[in-house]
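[1] what follows is a protein structure lacking sequence information:
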């Protein structure tokens, strides 16, 4: 196996300075597929070459010094372990970025007062919009009022997948307790329709 941990911070700083002076990029190998690509502007980018199923891939691990030499080495070990376990490092990174982007979008929507995807309110509003053409204006108004006034304040922000039947029943009972038995029945029926819509 090829030697690893060949670089030092001193050698990296010298190479970055040389790249600025010469105006030419260079590539410094730390072994094990890890290298630092220096640029004439004085920056350096970590890259990790790997092989999966006989195909070569390249991962970007960040810039130096934001990602230190020690951190880059730690990431090399982590990605090699994942690859050995059958996980494609590039695919994992894409999935992590997608999760991060979805989380940021959800936070943005919540900050703007919009229903967050996969919550009860988001699913209910989608269900409502799809049913609207088949309903009379009066019925549509009643259903929207039921959702907005009775269900969203209690369970609207909950993730639909994590919402349990006992929690929905508790919400319906709270409506019953104020003497609105017919509203409670309609709320239970509407909640069931929202769950079925979310399962499609």
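    It's in. Note that the coordinates shown come from a computational prediction; the quantities given were computed from them, not determined experimentally. Numbering: from 1, shown residues only.
[2] all helices of this protein, in order?
    Counting by DSSP state H, residue ranges of the helices within the chain are 9-22, 69-84, 89-111, 120-131, 137-146, 152-155, 165-177, 181-199.
[3] do you know how far the nearest residue to residue 160 once chain neighbours are set aside is from residue 25?
    With CB to CB, 6 or more residues apart in numbering as the criterion, residue 160 has its nearest non-adjacent residue at 4.7 Å, and that residue is residue 198. Bear in mind the C-beta positions are built from the backbone N, C-alpha and C, glycine included. Residue 198 is 52 Å from residue 25, where distance means CB to CB, to the nearest Å.
[4] still on that earlier bit, contacting residues for the residue nearest to residue 160?
    Neighbour list for residue 198: 123, 127, 160 [criterion: CB atoms under 8 Å, 6 or more residues apart in numbering].
[5] okay, these in TSV with distance to residue 141, pLDDT and neighbour count next?
    Rendered in TSV, the data for the contacts of residue 198 read as follows (distance: CB to CB, whole Å; pLDDT from 0 to 100; neighbours: other CB atoms under 10 Å):
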residue	distance to residue 141	pLDDT	neighbour count
123	20	91	22
127	16	92	20
160	24	87	19
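[6] so which of these is the closest to residue 15?
    Using CB to CB, residue 160 is the member of the contacts of residue 198 that lies nearest residue 15, at 52.9 Å.
[7] my guess is the closest one contacts residue 195. True?
    Yes: Residue 160 is in contact with residue 195 according to CB atoms under 8 Å; the separation is 7.1 Å.
[8] which stretches of this protein have low pLDDT?
    Low-confidence segments of the chain (pLDDT under 70): 1-2, 87-93, 95, 98-103, 105-107, 109-116, 200.
[9] make it 80
    By pLDDT under 80, the weakly predicted segments of the chain are 1-4, 51-57, 80, 82-117, 200.
[10] could you give the bridge partners of residue 119?
    In this entry, residue 119 is beta-bridged to residue 159, by DSSP bridges.
[11] let me redo that: residue 34
    Beta-bridge partners recorded for residue 34 (DSSP bridges): residue 31, residue 48.
[12] likewise residue 38?
    What pairs with residue 38, by the bridge criterion (DSSP bridges), is residue 26, residue 44.
[13] contact partners for it?
    By CB under 8 Å, 6+ apart, the residues touching residue 38 are 15-16, 18-19, 25-28, 44.
[14] if I look at it, how far off is residue 61?
    Residue 38 sits 15 Å away from residue 61 when distances are taken as CB to CB.
[15] for residue 4, same thing?
    Relative to residue 61, residue 4 is positioned 15 Å away (CB to CB).
[16] which of the two has more neighbours?
    residue 61 (20 against 15; other CB atoms under 10 Å).
[17] test my guess that that one contacts residue 49.
    No: here residue 61 does not reach residue 49: they are 11.1 Å apart, not a contact under CB under 8 Å.
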